[in-house]
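Asker: Here's my sequence, what's the structure:
(chains A and B)
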Amino acid sequence: MAKIFKKDREIVTPGEILAEGMDIVAGDGTYRKETKIIAKILGLVKIERRVIKIVPLSGIYMPKVDDTIIGKIIDITISGWRVDFGSPYSAILSIKESGETRINRNNLTKVFNIGDYIITKIISVTSQNLVDLTMKGVGLRKLNRGYIIKVNPHKIPRIIGKGGSMINLLKQETNCKIIAGQNGWIWIDGNPKDEVILIKAIEKIDKESHLDGLTERIRDFIRELKRSIKRSR
Amino acid sequence: MAYEKRFDGRRFDEMRKIEAKAGVIPNADGSAFFRMGKTSAYVAVYGPKSMPRFFSDPTKGILKCYYEMMPFSGAGDRVKPGISRRAIELGSVIERSLIPVIDLHNYPNLAVDVFIHMLETDAGSRCVAINAASIALADAGIPMRDLVSAVAFGKVDDKLVVDLSYEEEAYDKGDVVDMPLAMVPSTGEITLLQMDGPLTTDEIIKLISKAKPYIKKINEAQRLALKNKFKV
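Answerer: The predicted model follows:
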């Protein structure tokens, strides 16, 4: 019979034996050796019925099809734009996918200039991790104002929360607009004082994402910050 | 006169004191500190990151280790900073002892840089560097089969010893053998075995067969360091 040696949400290091038995499936971040399932990366154990996997706590962003990400235009080529998205691989946004109908091919800077930030979506990733992007879709656009902060991409699910609970809390408490790209880049826009609180809250989530009861703690944290700012005035 | 008592008062089968810490350099993707007695290392890992075309491998990511002794790290004179013949060799030796556990197949054309800085060197620096680099690589989120642990074994005069200090390596009243060994603890695979000095086959086998408990002890310290990073 299958035995599981680790608890759900326990921190494990590479090489630790997670489970033994052939009726358990080795998920992401694990590998099977004979009957044993062993951790391959540093992270939190996640047990979902018969699948055991590891949610990483660190590491780079690996592009995935259909991810909505925030990118920065870093170069302009003959056929489109080169986009940096915080990964060692860079992406191409071709003219066809720019969402604009009339484009002067000789002056692509009119659409997106170098240094512009965009919300974009990944449409394809090759085996060598060459990435193609599109701007065709709901909410995909150039970001004209606001502020970009960068966190570890593996923390994004916690910043969004279950069914968007965390991000809605952040929006309500700080009255800022927030868009979290899957690549770990977050765009925020609001009153400068609120932005400061929001950045502190996001930093706290980034640091404590592996602990339980995060949403409540963040709510208390933001309210406490607001109170202390009011008092100091 | 035979070697009766170790210079620092340890038993012949006793390692130096171990200290390990993960995540010590905020700007690095992964980092670690490791100390054995008076030998200590800081390691910073950056990457996986992109590489010039001529340098990269389109089938998998590559690992690059850079070893450097700090100018003040030696027991005697100032160490000349920068790349020396010994630093290149040790970088390559450490790299080879880590590659067997690291899986970079998902990172084509990328490289992982491991920068090792020795703060203090009192013998056994490559072992300490390997121990620290293992922690730092795991901290950076690099997929790996296991953490590699390393310790030196050897012989001073007629006594078989564990984890030699510099004084012992410099012992001049008899033969001294230094044999650094790195092992994958879960499988017992040896990823590094070097030796300088004369040992008989029996002695080598005896020393290697004694290695497991020491490797395990180091390995536990490495895992604890990684877990302690996330304690609040």
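Asker: Please count neighbours and contacts with C-alpha atoms only from this point.
Answerer: OK.
Asker: Could you pick out the residues of chain A near chain B for me?
Answerer: Taking CA under 8 Å from any CA of the partner chain as the contact definition, chain A meets chain B at A:11-16, A:29, A:38-42, A:56-60, A:87-89, A:128-129, A:210.
Asker: now those residues: which count as buried?
Answerer: A:11-16, A:29, A:38-42, A:56-60, A:87-89, A:129, A:210 (16 or more other CA atoms under 10 Å in any protein chain shown).
Asker: Residue B:64 is in what secondary structure piece?
Answerer: Per DSSP states H and E: residue B:64 is located in strand B:62-69.
Asker: can you pull out the helices in the chain?
Answerer: I went with chain A, as the question did not name one. A:156-160, A:165-174, A:192-208, A:214-232 (DSSP state H).
Asker: um, chain B though
Answerer: Using DSSP H, helices in chain B cover B:85-98, B:125-139, B:166-169, B:201-228.
Asker: Name the residues that touch the third one?
Answerer: When contacts are taken as CA atoms under 8 Å, 6 or more residues apart in numbering or on different chains, the neighbours of helix B:166-169 outside the stretch itself are B:6, B:7, B:122, B:123, B:156, B:176, B:177, B:178.
Asker: one step back: just say which of the helices of chain A is most tucked in.
Answerer: helix A:156-160 (a mean of 20; mean count of other CA atoms under 10 Å in any protein chain shown).
Asker: how about the CA coordinates for it, as CSV?
Answerer: The C-alpha coordinates for helix A:156-160 follow below in CSV (Å, rounded to 0.1, in the frame of the first residue of the first chain):
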residue,chain,number,x,y,z
ILE,A,156,1.7,35.2,-8.0
PRO,A,157,-0.9,32.5,-7.2
ARG,A,158,-0.8,33.7,-3.6
ILE,A,159,-1.1,37.4,-4.6
ILE,A,160,-4.2,36.5,-6.6
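Asker: Residue of chain A closest to chain B, please.
Answerer: residue A:15 (3.9 Å; CA to the nearest CA).
Asker: List the contacts of the nearest residue to that residue once chain neighbours are set aside.
Answerer: Excluding its sequence neighbours, the residue lying closest to residue A:15 (CA to CA, 6 or more residues apart in numbering or on different chains) is residue B:146, at 3.9 Å. By CA under 8 Å, 6+ apart, the residues touching residue B:146 are A:14, A:15, A:16, A:40, B:101, B:184, B:185, B:186.
Asker: cutoff 10 Å now
Answerer: Residue B:146 is in contact with A:13-16, A:38-41, B:98, B:100-102, B:134, B:138, B:183-187, B:219, counting by CA atoms under 10 Å, 6 or more residues apart in numbering or on different chains.
Asker: again with residue A:195
Answerer: So residue A:195 contacts A:146, A:147, A:174, A:175, A:176, A:177, A:188, A:189, A:201 (CA under 10 Å, 6+ apart).
Asker: Just the buried residues of these.
Answerer: A:147, A:174, A:176, A:177, A:188, A:189, A:201.
Asker: I'd like to know how far the closest residue to chain A within chain B sits from residue A:41.
Answerer: The nearest approach of chain B to chain A comes at residue B:146, 3.9 Å away (CA to the nearest CA). Note on residue B:146: its distance to residue A:41, by CA to CA, to the nearest Å, is 9 Å.
Asker: Spit out the residues that contact these two alike.
Answerer: A:13, A:14, A:15, A:16, B:138.
Asker: would JSON lines of the residues you listed with distance to residue A:119 and pLDDT be doable?
Answerer: Below are the shared contacts of residue B:146 and residue A:41 laid out as JSON lines (distance: CA to CA, whole Å; pLDDT from 0 to 100):
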{"residue": "A:13", "distance to residue A:119": "35", "pLDDT": "96"}
{"residue": "A:14", "distance to residue A:119": "35", "pLDDT": "96"}
{"residue": "A:15", "distance to residue A:119": "38", "pLDDT": "95"}
{"residue": "A:16", "distance to residue A:119": "39", "pLDDT": "95"}
{"residue": "B:138", "distance to residue A:119": "32", "pLDDT": "96"}
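Asker: how about the residues you listed in JSON lines, adding distance to residue B:191?
Answerer: What follows is the shared contacts of residue B:146 and residue A:41, written out as JSON lines (distance: CA to CA, whole Å):
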{"residue": "A:13", "distance to residue B:191": "20"}
{"residue": "A:14", "distance to residue B:191": "17"}
{"residue": "A:15", "distance to residue B:191": "16"}
{"residue": "A:16", "distance to residue B:191": "19"}
{"residue": "B:138", "distance to residue B:191": "17"}
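Asker: Can you tell me how far the residue positioned nearest the centre of chain A is from residue A:224?
Answerer: Among the residues of chain A, the one closest to the centroid is residue A:182, at 3.1 Å (CA atoms, centre = their mean). Counting by CA to CA, the separation of residue A:182 from residue A:224 is 29 Å.
Asker: repeat for residue A:21
Answerer: Taking CA to CA, one finds residue A:21 at 48 Å from residue A:224.
Asker: Also residue A:135?
Answerer: For residue A:135, the distance to residue A:224 - CA to CA - is 39 Å.
Asker: Same question for residue B:170.
Answerer: Distance from residue B:170 to residue A:224, by CA to CA: 61 Å.
Asker: Pull the contacting residues for residue 154.
Answerer: Picked chain A for this. Listed by CA under 10 Å, 6+ apart, the contact set of residue A:154 reads A:55, A:56, A:57, A:58, A:59, A:60, A:61, A:182, A:183, A:184, A:206, A:209.
Asker: The intended chain is chain B.
Answerer: B:160-164, B:168-169, B:176-180, B:195-199, B:203-204, B:207.
Asker: No more questions from me, cheers.
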